[in-house]
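Participant: Whatever this is, show me its structure:
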Amino acid sequence: MIGVIETDFTKSTLGLELPTDPRWANVAEKNIADILVDHAYCEQKAASSCISLIVQYPERARLVEMLTPVVAEEWSHFERVVEQLTKRGHGLGRPRTDEYVVQLMKLIRKGGDRELQLMDKLLVNALIEARSCERFKILWKNIGDEELQKFYYELMVSEAGHYHNFLDLAKEYQPEEVVMDRWKELLRAEAEIMKSMKPRQDRMH
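Facilitator: Presented below is the predicted three-dimensional model:
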């Protein structure tokens, strides 16, 4: 089963243009409490982002149908990350600014066509899920903590599903060629953002 999932990631989810340096896992493992705190808030923000889309586009029945269970799943991930923190004797701590997401949000077109804005929002969410999935894969394959290995494998699979949800929704509302052209633009832009950012030992992204 793992082999099948990993092949699917190679063909689809990991279409990111700039892979994470695998050595990031070593730094992350040494600062796992900080990583878990940041991860918890990433899950909280993911749930909030889906809620925001539902509130902004309630007339989109398919969007509401697909994202409502994602809200519940992302919030359950938040709870599970907090549980991992508690097990290790750490508290949640305060949220940190996610500069990666801040930069990605700037790529969403402001004003103009509301339909194109929706497409951009869905694709930016897909990008965040893809990068999270990639980071979870690195942690799963490289850290020594067996419980966290299993934990991150499970979340990796889940994030891949969310990635597909957002891409499929974008294609629901725009022609596939329009979506894929914009997706390629955003992939290139995401790679540039990654190049400009110094890796942080206390950040998931």
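
Participant: element containing the residue nearest in space to the middle of the chain, please.
Facilitator: Nearest to the mean C-alpha position of the chain, by Cα atoms, centre = their mean, lies Glu129 at 2.4 Å. When elements are assigned from DSSP states H and E, Glu129 belongs to helix 114-142.

Participant: Kindly provide the distance from Leu107 to Leu127.
Facilitator: According to Cβ to Cβ, to the nearest Å, Leu107 and Leu127 sit 9 Å apart. Bear in mind the C-beta positions are built from the backbone N, C-alpha and C, glycine included.

Participant: Likewise for Thr20?
Facilitator: Taking Cβ to Cβ, one finds Thr20 at 14 Å from Leu127.

Participant: Those two: which is more packed in?
Facilitator: Neighbour tally, Thr20 and Leu127, criterion other Cβ atoms under 10 Å: the higher count belongs to Leu127, 25 against 16.

Participant: list the contacts for that one?
Facilitator: Leu127 makes contact with 104, 186-187, 190, according to Cβ atoms under 8 Å, 6 or more residues apart in numbering.

Participant: where in the chain is pLDDT low?
Facilitator: 1-14 (pLDDT under 70).

Participant: Show the residue spans covered by the helices in it.
Facilitator: Applying DSSP state H to the chain gives helices spanning 2-8, 24-30, 32-56, 61-87, 99-105, 114-142, 146-173, 176-196.

Participant: can I get the ones you listed in CSV with distance to His205?
Facilitator: Formatted as CSV, the entries for those read as follows, by distance: least, Cβ to Cβ, whole Å:
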stretch, distance to His205
helix 2-8, 21
helix 24-30, 10
helix 32-56, 7
helix 61-87, 15
helix 99-105, 4
helix 114-142, 6
helix 146-173, 12
helix 176-196, 9
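
Participant: which one of those helices lies closest to Leu16?
Facilitator: Between Leu16 and those, the shortest separation by Cβ to Cβ is 5.8 Å, and it involves helix 114-142.

Participant: Show me which residues of the closest one are buried.
Facilitator: Under the neighbour-count criterion of 16 or more other Cβ atoms under 10 Å, helix 114-142 has 117-140, 142 buried.

Participant: between it and helix 146-173, how big is the angle?
Facilitator: Angular relation of helix 114-142 and helix 146-173 on a 0 to 180 degree scale: 160 degrees, by axes from the mean of the first three to the mean of the last three Cα atoms, to 10 degrees.

Participant: ok and helix 114-142 relative to helix 32-56, angle-wise?
Facilitator: Angle between the axes of helix 114-142 and helix 32-56 is 160 degrees (criterion: the same axes, to 10 degrees).
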